[in-house]
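J.: Output the structure for:
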Amino acid sequence: MADAVGAALRARSLTVVVADSVRTADAAFEAQHFDVAVVDIGLPDGCGLQWCRSTREAGSTLPILLLTARASVADRVVGLDAGADDYLGKPFAMDELVARVRALSRRGPRWSESVRTYGALVVDRDKRTVAVDGALLPLTGRELDIVALLVWRDGRVISRDEILEAVWGEATEGAGASLEVLVARIRRKLADRGVREAVRTIREVGYAWGLERSKHA
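T.: From the prediction side, this is the model:
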């Protein structure tokens with residue numbers, strides 16, 4: 001599977017490093033920079049889910065696409081909660097895999113300022129970080145993209161399809177389900193730090209940023 005995925009990505013002019021174990025992957029990431037990680041859950045010396053968790057706990061925002069034969073909604077939630085940005089069930093079409101990898105590799109939205117402040121909450125464009133009272137919030141790359149898109153619109157409503165196209169590169173049913181999971185997870189992480197009502201749900205339309213900017217920012 002790793003060889004087939006690597007060959008498909010190389011055929012689309014992408015540079016690929018194939019790692020056949022957790023140990024090999026860790027060594028590769030220590031040696032060089034990557035734009036996206038494609039990770040199988042079942043690995044010879046460990047679990048792809050645990051690798052995702054460890055990567056996030058280390059502070060990495062590397063976009064991660066999980067590959068697995070477990071494709072139920074519950075399994076997708078588990079994968080996203082482990083820190084993955086996207087989830088592709090087997091069997092899958094190589095063209096879809098390539099499209100998702102390209103979507104993950106795109107940078108987040110551009111803002112007019114590099115930093116925006118909402119009381120104790122600070123969102124930094126250049127550093128791609130969100131902090132509350134100076135402590136970084138453990139957001140994944142795709143969660144950061146969602147927050148960035150909402151913050152950039154200054155409270156204006158953004159449709160679900162627009163968010164999906166901007167962050168996932170496609171407005172599919174699977175991406176829509178992932179969006180709901182990630183928004184819920186963003187809210188939970190913010191609430192754990194005492195920040196509530198940051199993301200508003202506009203029924204049957206989409207989402208909007210719910211906080212007002214600090215006057216001195």
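J.: Every contact and neighbour count from this point should use C-alpha atoms.
T.: Will do.
J.: name the element residue 28 belongs to?
T.: helix 22-31 (DSSP states H and E).
J.: any idea how this protein splits into domains?
T.: Domain assignment for the chain by automatic domain parsing gives 2-105, 115-209.
J.: Which one of those domains has the poorest average confidence?
T.: Per-stretch mean pLDDT for the domains of the chain is lowest at domain 2-105 (a mean of 85).
J.: first vs last residue of that domain, how far apart are they?
T.: End-to-end span of domain 2-105 (Cα to Cα, to the nearest Å): 19 Å.
J.: Show the contacting residues for the spatially most central residue of the chain.
T.: By Cα atoms, centre = their mean, the chain has its centre lying nearest to residue 142, at 2.2 Å. Shown in contact with residue 142 (Cα atoms under 8 Å, 6 or more residues apart in numbering): 63, 85, 104, 167.
J.: I would like a PyMOL command selecting only the buried ones among these, please.
T.: Remark: buried members of the contacts of residue 142, expressed as a PyMOL selection using 16 or more other Cα atoms under 10 Å:
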select buried, resi 63+85+104+167
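J.: Show only the entries of the contacts of residue 142 found in strands.
T.: Judged by DSSP state E, strands contain none of the contacts of residue 142.
J.: Now distance to residue 21 too, for the contacts of residue 142, in a markdown table please.
T.: Listed next are the contacts of residue 142 as a markdown table, based on distance: Cα to Cα, whole Å:
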| residue | distance to residue 21 |
| --- | --- |
| 63 | 19 |
| 85 | 20 |
| 104 | 22 |
| 167 | 29 |
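J.: and the lengthiest helix in the chain, which residues are buried?
T.: Ranked by residue count, the top helix of the chain under DSSP state H comes out as helix 173-192. Along helix 173-192, these residues count as buried under the neighbour rule (16+ other Cα under 10 Å): 175, 176, 178, 179, 181, 182, 183, 185, 186, 187, 189, 190.
J.: neighbouring contacts of that helix?
T.: 76-77, 80-81, 86, 137-139, 143, 146, 160, 164, 168, 196-199.
J.: is it true that residue 128 touches residue 144?
T.: Yes - counting by Cα atoms under 8 Å, residue 128 does reach residue 144; the two are 7.0 Å apart.
J.: okay, these two: which has more neighbours?
T.: A side-by-side neighbour count of residue 128 and residue 144, using other Cα atoms under 10 Å, places residue 144 first with 23 against 16.
J.: For the more buried one, give its distance to residue 22.
T.: Taking Cα to Cα, one finds residue 144 at 25 Å from residue 22.
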